[in-house]
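*Asks:* coords please:
(one chain, ligands or ions: 1)
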Amino acid sequence: MYWEAINECMPRDEREQLQLERLQATLFRVYMNVPFYRKTFDTLGIDPDAFRSLDDLRKLPFTTKEDLRASYPYGMFAVPLREVVRIQASSGTTGAPTVVGYTRNDLKHWSNLVARILTAAGVTQNDIVQIAFDYGLFTGAFGFHYGAERIGASVIPISSGNTRRQLKIMQDFRTSALLCTPSYALALAEAIQESGTSVSSLSLKYGLFGAEPWSEAMRSELQDKLKIIATDNYGLSEVMGPGVAGECLERNGLHINEDHFFVEVINPETLEPVAPGETGELVITTLTREAFPVIRFRTRDLTRLLPEPCVCGRTLTRMTKVMGRTDDMIKLRGITVFPSQIEAVLCATEGVEPHFQIEIDRKGALDEMTLLVEVSDSLFSDEIKDLQGFMDRIRRDLESEVGFPVEVKPVEKKSLERFDGKARRVIDRRKK
Ligand code: DLL
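*Replies:* Prediction:
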């Protein structure tokens, strides 16, 4: 099922023409209205009217998160504030947040694109959608909220947290689609189990998760535990929020809404485009945003494009699941590791739940990683020898996954933090 077959299944050459026209309009808009971009064009002697092909975009420099921060709060807006009808902001874990504005048209596009993604993931007007993303400046909840209303689903705007209430509502209101971060979905699954509720007594059918990296192993775990079809959703506030890309029911890559976002994948070191299909950093140019257009925005997210057509019939290019951000990579002894790799090993190990924390320390000249992992009560009370053997097995599996030895420390069930939004799993003590 499609939300807008005409745009989702458009022949690629037609879409490229549409992209070029929209790009030309966007470049003109930013030149006229955003001093940052006008200065860039003028310094490089580039005429915003002289873009004849999508490749010409490469003449322009990238826009970074630092550029956006430097213009806090409204410096990058391309319309006067009286035309802005909504303001959201990025979480701003490091430094000033990025403030993002939307015109009435931007909001119309946003709900339409989210409606596409919900439809691709199986959600219809017959569904009861529990939005357990945080309502607020974060784009997750409001983005999905209006998209779900647009398709006519029944929206429960419960927001994140208060897990017991989430479960009661899920049960009483017969929620069929759950929307939240994968880490919160895991916490909810754990709470369902602890409450003694049988998952089959719930009405859940779909889980639409996103806003943070999660592995395929975590998908299987969530699908099994919650008896749902789980799909991945990608987006970022700087570009719009959720609705940038999402999986169809094939669950084999996220379709990018290319008629609204032009994507490139670059090598983050050389800043050159990678060879087709290679992994690199995703760079996004918005094609229809009025209030907050961005040109060649460096997302820091690592992915790769899947150019082959998808059997679902959409011609929108897919990207693979985002493994992580270049700035979340753990670099240890010259090796790069993502928390999602550790998560995958733990999901594949019986007897542990993927609740974990990574601690990194510098001991002398060497960096060391310690993994705190929750083990079941029965293992803790078992013969210490059994626990030791079990830990050794995890240690071996981890070492073969990441390529260096990891100290593994068992901790009691429920002793690590649960997250109702994006998980924070790494404590790096080397930097201090
Ligand atoms: O997380 C928007 C969103 C909300 C997307 C709900 C999907 C669902 P920000 O808070 O600005 O916006 O964070 C954006 O989160 O650059 C990625 O690093 C990460 N991210 C988002 N979705 C995924 C995903 C929202 N599906 C940043 N997989 C992005 C991996 C993701 N990482």
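*Asks:* So what does Leu23 look like in phi/psi?
*Replies:* phi -60, psi -40 (degrees, to the nearest 10).
*Asks:* per-residue pLDDT, it?
*Replies:* Note for Leu23: predicted pLDDT of 98.
*Asks:* cool, and Gly92?
*Replies:* pLDDT, Gly92: 65.
*Asks:* now Phe209
*Replies:* Phe209 is given a pLDDT of 98.
*Asks:* number of nearby residues for it?
*Replies:* If you count neighbours by other CB atoms under 10 Å, Phe209 ends up with 26. (Glycine included, C-beta is placed from N, CA and C.)
*Asks:* Then Pro276?
*Replies:* Neighbours around Pro276, by other CB under 10 Å: 9.
*Asks:* which strands and helices sit next to the helix or strand harbouring Leu282?
*Replies:* Element membership for Leu282, per DSSP states H and E: strand 280-286. Judged by 3 or more CB pairs under 8 Å, 6 or more residues apart in numbering; DSSP states H and E, the packing partners of strand 280-286 are helix 12-33, strand 261-266, strand 297-303.
*Asks:* tell me the domain boundaries of this structure?
*Replies:* Domain segmentation of the chain under automatic domain parsing yields 1-326, 330-431.
*Asks:* Packed most tightly, which of those domains would that be?
*Replies:* domain 1-326 (a mean of 19; mean count of other CB atoms under 10 Å).
*Asks:* Work out the gap between stretch 244-255 and the centre of the chain.
*Replies:* 12 Å (CA atoms, centre = their mean, to the nearest Å).
*Asks:* and it, C-alpha only, in CSV?
*Replies:* Extracted in CSV, the C-alpha atoms of stretch 244-255 (Å, rounded to 0.1, in the frame of the first residue of the first chain):
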residue,chain,number,x,y,z
VAL,A,244,13.2,11.6,6.0
ALA,A,245,13.4,7.8,5.4
GLY,A,246,11.6,4.7,6.6
GLU,A,247,11.3,1.0,5.9
CYS,A,248,8.5,-0.7,4.0
LEU,A,249,7.3,-4.1,5.1
GLU,A,250,10.2,-5.8,3.3
ARG,A,251,12.4,-4.5,6.2
ASN,A,252,15.4,-4.3,3.9
GLY,A,253,16.6,-0.7,4.0
LEU,A,254,14.9,2.6,4.5
HIS,A,255,13.3,4.4,1.5
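*Asks:* Residues of this structure that sit close to the ligand?
*Replies:* Listed as neighbours of the ligand in the chain under the rule CB under 6 Å from any ligand atom: 90-91, 133, 138-140, 210-213, 232-237, 241-242, 299, 301, 322, 325.
*Asks:* Sitting in helices, which of those residues do you find?
*Replies:* 139-140 (DSSP state H).
*Asks:* contacting residues around Glu272?
*Replies:* Contact analysis of Glu272 by CB atoms under 8 Å, 6 or more residues apart in numbering lists Ile266.
*Asks:* Can you name the residues that contact Gly140?
*Replies:* 133-134, 181, 210-211, 241-242.
*Asks:* go on, Phe36?
*Replies:* 67, 71, 75-76.
*Asks:* again, but for Pro276
*Replies:* Per CB under 8 Å, 6+ apart, neighbours of Pro276: 305, 307.
*Asks:* would it count as being in a strand?
*Replies:* No. Applying DSSP: H, G, I helix; E, B strand; the rest coil, one finds Pro276 to be coil, outside a strand.
*Asks:* what separates it from Glu264, distance-wise?
*Replies:* 11 Å (CB to CB, to the nearest Å).
*Asks:* What residue in the stretch 251-400 of the chain comes nearest to the ligand?
*Replies:* Proximity of the stretch 251-400 of the chain to the ligand (CB to the nearest ligand atom) peaks at Val322, 3.6 Å away.
*Asks:* give me the beta-bridge partners of the nearest residue to that residue once chain neighbours are set aside?
*Replies:* With CB to CB, 6 or more residues apart in numbering as the criterion, Val322 has its nearest non-adjacent residue at 4.6 Å, and that residue is Asp301. Beta-bridge partners recorded for Asp301 (DSSP bridges): Arg325.
*Asks:* Who are the contact partners of Asp301?
*Replies:* Counting by CB under 8 Å, 6+ apart, Asp301 has contacts 234, 236, 281-282, 322, 324-326.
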